[in-house]
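K.L.:
sequence and predicted structure, then a few things I'm wondering about:
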Amino acid sequence: MDALLKIENLKTRFHTEDGVVKAVNGISYEMKKGEVLGVVGESGCGKSVHALSIMRLIQIPPGEIADGVIWFEGRNLLELDENEIRKIRGSDIAMVFQDPMTSLNPVYTVGFQIVEALKLHKNMSEKQGKVRAAELLDLVGIPDAKKRVDNYPHQFSGGMRQRAMIAMALSCSPKLLIADEPTTALDVTIQAQIVDLVIKLQEEMGMAVMWITHDLGVVAEMAQLINVMYAGFIIERGTAQDIFKRTLHPYTMGLLASLPSIDEAPGTKLISIPGLPPDLVDLPQGCPFYARCIYRKDHCQKNRPGLEEAKDGHYVACWRWDEIKVEGAK
Amino acid sequence: MNAENSTLVCVRNLRKYFAVTSGILFKRQTKYVKAVDDVSFDIYKGETLGLVGETGCGKSTTGRTILHLYKPTSGEVRFNDVDLTDLSENELRDMRQRMQMIFQDPYASLNPRMTVGSIISAPLDVHTNASKTEKRDRVQELLKIVGLNPDFVNRYPHEFSGGQRQRIGIARALAVNPDLIICDEPISSLDVSIQAQVVNLLEELQEKLGLTYLFIAHDLSMVRHISDRMAVMYLGKIMELADRNEIYLHPLHPYTRALMSAVPIPDPDKANRAERILLEGDIPSPINPPKGCNFNTRCPIATEICFKEDPDYRELTSDHFVACHHAKVE
């Protein structure tokens, strides 16, 4: 099948007083129609910035998309003018943000904010829009949706606001839904509801979902493919089985080891990754993970590894993945 | 656990209500937020008691009320058999030497205008008559204990990362050799790989210094990792309290079961989205908790009695406490 989204060598930078922050450093990957992609990484790894680059929501300046191509259904999003990108944003590609408290406008009703998008992208009338808005709220599981369309955001709880955001994102049946840490601000029982909802809707509507999170647990249970990011690079990419069961990159191994497992014996120590991620203003010349890596060799300090295919569809950016696999087995 | 299980902190029928005022000119106290509502438990010497629950369940307020940072509305807190409610302000201050706290936000809990040295020695200024050189030596010793470079004394908090700041907060808490440390979500704002570093440090310190922890968090898997026993709170009440493995393997309360099943597992083979217990709806407001059992609005097994009578918090089997009408010994 054709790729829905194809990113080639994307580089996003921010020009700040402290220097140039290299947030995304040449990432390339493809997403197929209807695919669920998990993007994981810690704060500052570039996962959100890369999503905002796709949506062309990076503020320029201080931001700059320095290089790369983002193909979406055969068009390069980075070459579209403001009018053309606005037609795609919200209708073909929709985004749900982390904080449901701040991403809804407090002075308009929830219904008004959904109708706005429908009028703009679907040429609906006020009346049609309102009916559709109520249907959408009902679809995302808001009780008494017909009345609730006239509520203001403060009358909704956190979980309901995130549902409303999802309703808004789905209003124009997007081909790609980008969810940027949509459950981070929510409690686990509410998070479970939202994950369940998005997967159900994804299956029904057949859209592609990019789920950005720092929570490895969430991607383990929902994503078909996973990109692991570190310091603005994709350092490993593969299926959930590849990433969790046949882990190749030392950083991914470290992340998994630093999580407590459910059946651990009392007194088990967590294995933490020593040190901190590199400063994005002053990226090391070689492998970005060099300073924290327990498998490092001199070669890794000077030369940056590219993302290479280790085995069918399982990619890794590490000079020593083949040797580590043998060492790890011992 | 240690053989005799001697009790360090004994909490009985603790209540903390916050008054809600209404009216602009004439403020009237009309309602109360029942943040902590009749909570009883013990903390044994040298153990880690985990306290989990969702936003607004009263877990942080419980921690602060134990320290008498909030004055309890009623109930008692005995620390080494001294009832804190009877103490005067001065006596309480002396007592606090033995009970310290680590806060959630390492960015907000350190004064940005104070050097690391003066932050860590602040408790020494209040509680001891140590000379300048004694204090300096102690600060350097503490920095070493928490894994920071002792030469950092003259630096300011903004020069440190989140994980390092949390270490500074831990050093401050340790300065006066406390018996009990209340850890209020100490790792919630940290990245996964850094969380493990801080958790390991806390465990090492406990072994070395014989500390007792009340570990408050919403991350169930981390709490289970660090705790000897766990308590689950919901809407101001403790729903269940038991040994970490007991509560995990044989949860008696339907809320505990739902909470446990909502935690995503970072292992695609064990992902349990299919058999997950999805709770419906949101947490009711603590201003107006439901009549009867607090959990009855979301409980999958609620019957008539649950809407009429508040269940007793009782020791169903040895050291396994639960507040549910339907909890049975299997």
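P.N.:
Looks like it arrived, so ask away.
K.L.:
please, where are all the strands along the chain?
P.N.:
I went with chain A, as the question did not name one. Assigned strands in chain A, in chain order: A:3-16, A:19-32, A:36-40, A:63-72, A:75-76, A:93-96, A:176-180, A:208-213, A:225-230, A:233-239, A:308-311, A:314-316 (criterion: DSSP state E).
K.L.:
was after chain B, sorry
P.N.:
B:7-22, B:28-44, B:48-52, B:74-79, B:82-83, B:99-102, B:180-184, B:212-217, B:229-234, B:237-243, B:314-317, B:320-322.
K.L.:
looking at those strands, which is nearest to B:Val263?
P.N.:
Nearest to B:Val263 among the strands of chain B is strand B:48-52 (10.3 Å), distances taken as Cβ to Cβ. No exception for glycine: its C-beta is placed from N, CA and C like everyone else's.
K.L.:
hmm, who's touching the closest one?
P.N.:
Strand B:48-52 has contacts (Cβ atoms under 8 Å, 6 or more residues apart in numbering or on different chains) with B:41, B:43, B:59, B:62-63, B:206, B:212-218, B:220, B:223-224, B:226-233, B:244, B:259.
K.L.:
from A:Gly46, how far out is A:Gly217?
P.N.:
A:Gly217 is 21 Å from A:Gly46, where distance means Cβ to Cβ, to the nearest Å.
K.L.:
quick one, which of these two is more surrounded?
P.N.:
A:Gly46 (25 against 19; other Cβ atoms under 10 Å in any protein chain shown).
K.L.:
what bridges to the residue nearest the centre of chain B?
P.N.:
Compute the mean C-alpha point of chain B, and by Cα atoms, centre = their mean the closest residue is B:Ile216, 2.8 Å away. Beta-bridge partners for B:Ile216, by DSSP bridges, are B:Leu51, B:Asp184.
K.L.:
quick revisit: and of the strands of chain B, who's closest to A:Gly313?
P.N.:
strand B:212-217 (36.9 Å).
K.L.:
show me the contacts for whichever residue of the stretch 201-330 of chain A sits closest to chain B.
P.N.:
Residue of the stretch 201-330 of chain A nearest chain B, by Cβ to the nearest Cβ: A:Gly217 (3.0 Å). A:Gly217 makes contact with A:259, B:263-266, according to Cβ under 8 Å, 6+ apart.
K.L.:
just curious, which of those residues is nearest to B:Val9?
P.N.:
Once Cβ to Cβ is applied, the member of those that ends up nearest B:Val9 is B:Val263, at 27.6 Å.
K.L.:
can you put the strands of chain A in CSV and add mean neighbour count?
P.N.:
Listed next are the strands of chain A as CSV, based on neighbours: other Cβ atoms under 10 Å in any protein chain shown:
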stretch, mean neighbour count
strand A:3-16, 18
strand A:19-32, 20
strand A:36-40, 25
strand A:63-72, 17
strand A:75-76, 14
strand A:93-96, 25
strand A:176-180, 24
strand A:208-213, 24
strand A:225-230, 25
strand A:233-239, 25
strand A:308-311, 13
strand A:314-316, 23
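K.L.:
ok, which of these comes nearest B:Val11?
P.N.:
Closest among the strands of chain A, using Cβ to Cβ: strand A:208-213, at 36.3 Å.
K.L.:
same for that closest one, what does it pack against?
P.N.:
Here strand A:208-213 touches strand A:19-32, strand A:36-40, helix A:47-54, strand A:176-180, helix A:188-205, helix A:216-222, going by 3 or more Cβ pairs under 8 Å, 6 or more residues apart in numbering or on different chains; DSSP states H and E.
K.L.:
B:Ile277: which of these is closest?
P.N.:
Per Cβ to Cβ, nearest to B:Ile277 of the helices and strands packed on strand A:208-213: helix A:188-205, 8.6 Å.
K.L.:
dump the strands of chain A to JSON lines, plus mean pLDDT.
P.N.:
JSON lines is the format used below for the strands of chain A (pLDDT from 0 to 100):
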{"stretch": "strand A:3-16", "mean pLDDT": "92"}
{"stretch": "strand A:19-32", "mean pLDDT": "92"}
{"stretch": "strand A:36-40", "mean pLDDT": "95"}
{"stretch": "strand A:63-72", "mean pLDDT": "92"}
{"stretch": "strand A:75-76", "mean pLDDT": "92"}
{"stretch": "strand A:93-96", "mean pLDDT": "91"}
{"stretch": "strand A:176-180", "mean pLDDT": "93"}
{"stretch": "strand A:208-213", "mean pLDDT": "94"}
{"stretch": "strand A:225-230", "mean pLDDT": "95"}
{"stretch": "strand A:233-239", "mean pLDDT": "95"}
{"stretch": "strand A:308-311", "mean pLDDT": "90"}
{"stretch": "strand A:314-316", "mean pLDDT": "94"}
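K.L.:
A:Thr189: which of those is closest?
P.N.:
strand A:208-213 (17.2 Å).
K.L.:
please save the CA atoms from that closest one in CSV.
P.N.:
C-alpha atoms of strand A:208-213 as CSV (Å, rounded to 0.1, in the frame of the first residue of the first chain):
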residue,chain,number,x,y,z
ALA,A,208,-3.9,6.4,10.9
VAL,A,209,-2.9,7.3,14.4
MET,A,210,0.4,8.7,15.6
TRP,A,211,0.5,8.4,19.4
ILE,A,212,3.3,10.4,21.0
THR,A,213,4.1,9.5,24.6
